[in-house]
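*Asks:* the following block contains a protein sequence and its predicted model.
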Amino acid sequence: MKLFLAAAFTERARMRAIRDKVLRPLGVEVTSRWIDLIDVDDTSPSRLVASGTDNLYDIRRADTFVLFTTPASTAGGAHLETGYAWLLGIPILVVGPPVNLYHHHPRIHAVLPSLGELCRWLRERT
């Protein structure tokens, strides 16, 4: 299974740890390259466009989109990415509390309260 992990940009290190210590041992591939970004000081328009384009490509490569809602994303990128996955018909999982009305929509495959519940959901499907 291939997952795209969406979260607040400040959560890169936590998403890397989840990928490396939790998901890889389950045989899950993470398509999210944004979690490995190092040069975050480059905010030139060309770099931002390239990062956004990479994220959209990585979402298309995923079987399932996983949105972590805590801490909240204040920049809004994770919400746009969720909408993009929705538009493409990619199954969406919310990990953490729902933060907007769309998280209650029937097209959301599951709202899972914790990382442990995500792991259980994945084990049931792999």
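*Replies:* Received it, and whenever you're ready, just let me know what you need. Residues are numbered from 1 along each chain as shown.

*Asks:* what about stretch 102-117, start to end distance?
*Replies:* 20 Å (CA to CA, to the nearest Å).

*Asks:* what's the mean pLDDT across it?
*Replies:* Averaged over stretch 102-117, pLDDT sits at 94.

*Asks:* other SSEs contacting the lengthiest helix in the chain?
*Replies:* The longest helix of the chain (DSSP state H) is helix 45-61. If you count contacts as 3 or more CB pairs under 8 Å, 6 or more residues apart in numbering; DSSP states H and E, helix 45-61 packs onto strand 2-6, helix 77-88. (C-beta placed from N, C-alpha, C; glycine too.)

*Asks:* so which of these is the most surrounded?
*Replies:* strand 2-6 (a mean of 23; mean count of other CB atoms under 10 Å).

*Asks:* quick one on the thing from earlier: next SSE after the longest helix of the chain?
*Replies:* Going down the chain from helix 45-61, the next helix or strand is strand 64-68, by DSSP states H and E.

*Asks:* what does the helix or strand of the chain with the lowest mean pLDDT contact?
*Replies:* The weakest-scoring helix or strand in the chain, judged by mean pLDDT, DSSP states H and E, is helix 45-61 (a mean of 93). Residues outside helix 45-61 that contact it (CB atoms under 8 Å, 6 or more residues apart in numbering) are 2, 4, 31-34, 37, 65, 77, 81, 84-85, 88, 90.
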